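1. okay, predicted coordinates and the sequence, questions at the end:
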Amino acid sequence: MQNVTPSLMDILVFRLSLLKPLIFLELFFETDATSQKILTMLSDLTRSLNELREEVRAIRNTGSNESVDAGVLPLDLPLHNIEELNNAEAALQSQEANKAMLRRFALIGGTTLEVQVCRVMAYAITNELASVLNWAGKKTKDQTKQKRAFKDTASVKCLTDNVTQLNRENKKMKETVIDLQACGMRDNLVFSGIPEAVGEDVETTVKSFIKTHLKLPEDTVKNIAFDRVHRIGPMRAATGRPRPIVAKFGHFKQKEQVKSHGRELKGTDFSVNDRFPKEILERRRVLFPIRRGFIQKGSRAVIAVDRLYVDGQLYRDPGITPWLY
């Protein structure tokens, strides 16, 4: 196991490089009521960026190039032998010492969670100590071949607490990104089953469909404003099902008005639906059969984005809806 100690400056600059592009997402949204939620979440994300900037500025002011080992720690790392491990166990009984170690481990970077765990282990113990440890322990008559159990040590608890915290933060960040994507699609509708013609004007095709099949008045259809209308995916064979059309409406109320007439398509090969990110679509596919089961039992079941409400109560099950936990 190789001892990896990247500089604190390198770690912070790397984390800054990951967060900085989030600021420029604001350029893609108009500052109206529709995008307010997106901008609010962006401000929460960029708050972390500002905190990191302050850390970098403080380091630059000292004129130093500290490594991860610098600063006040409850013990010296890496640990080299059993005696140092025993001392670490005693030190980590203190809650403050645990928090200090968690903060230090959190500074160690990694492109994935697995890489970060490996780097934390390399930072915490040497090969010499690792060679006399075993996850569950190993007892033999030969005293020289016995290995100490590592899984119940305070050091491991500190490491696992850090991994748990990272998992929680990664999940929160992922959900924030999915929520941002969903907000960016809230003005979109997906029209499926509309025949496709070479060289078609897709916007004209959609307006004709809305008038003919959704039965909206002609004057209403003329006033509908689109930001963009296009088909999804590459051209298919003439015998294949036509590609869906994504229409981004200029006004949310117009989009909702068109969507409300979707009942006119019952019993046809056409459909009109909200557009969602891939992750939410997968969650909805899980919820649809469950919703159907509740309806068959006489309950009122409604799916809102990626949540199922049964008789007004949110349906939650760790094995089925893990994204709610």
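-> The structure has been received and is ready for your questions.
2. contacts and neighbour counts: CA atoms only from here.
-> Noted.
3. check the offset of stretch 86-105 from the chain's centre.
-> 30 Å (C-alpha atoms, centre = their mean, to the nearest Å).
4. list the buried residues in that stretch.
-> Ala88, Glu89, Ala91, Leu92, Ala97, Asn98, Lys99, Ala100, Met101, Leu102, Arg104, Phe105 (16 or more other C-alpha atoms under 10 Å).
5. of all those residues, which comes closest to Ile303?
-> Using C-alpha to C-alpha, the shortest approach to Ile303 within the buried residues of stretch 86-105 belongs to Leu102, at 39.7 Å.
6. quick check: that closest one is in a helix.
-> Yes: according to DSSP: H, G, I helix; E, B strand; the rest coil, the state of Leu102 is that of a helix.
7. wait, it touches Cys158, no?
-> Yes: Leu102 is in contact with Cys158 according to C-alpha atoms under 8 Å; the separation is 6.6 Å.
8. looks like Leu300 contacts Gly293 (just checking).
-> For residue 300 the amino acid is Arg, not Leu. No: contact status for Arg300 versus Gly293: not in contact, 10.5 Å apart, counting by C-alpha under 8 Å.
9. in terms of neighbours, single out the busier of the two.
-> Here Arg300 and Gly293 are set side by side on neighbour count (other C-alpha atoms under 10 Å), and the busier one is Arg300, at 15 against 12.
10. not counting sequence-adjacent ones, nearest residue to that one?
-> Asp311 (5.0 Å; C-alpha to C-alpha, 6 or more residues apart in numbering).
11. need the CA coordinates for stretch 169-176. PDB is fine.
-> Output in PDB follows, covering the C-alpha atoms of stretch 169-176 (Å, rounded to 0.1, in the frame of the first residue of the first chain):
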ATOM      1  CA  GLU A 169     -23.300  13.900   0.200                       C
ATOM      2  CA  ASN A 170     -22.900  12.100  -3.100                       C
ATOM      3  CA  LYS A 171     -26.600  11.000  -3.000                       C
ATOM      4  CA  LYS A 172     -27.700  14.500  -2.100                       C
ATOM      5  CA  MET A 173     -25.700  16.000  -4.900                       C
ATOM      6  CA  LYS A 174     -27.100  13.500  -7.400                       C
ATOM      7  CA  GLU A 175     -30.600  14.200  -6.300                       C
ATOM      8  CA  THR A 176     -30.000  17.900  -6.700                       C
END
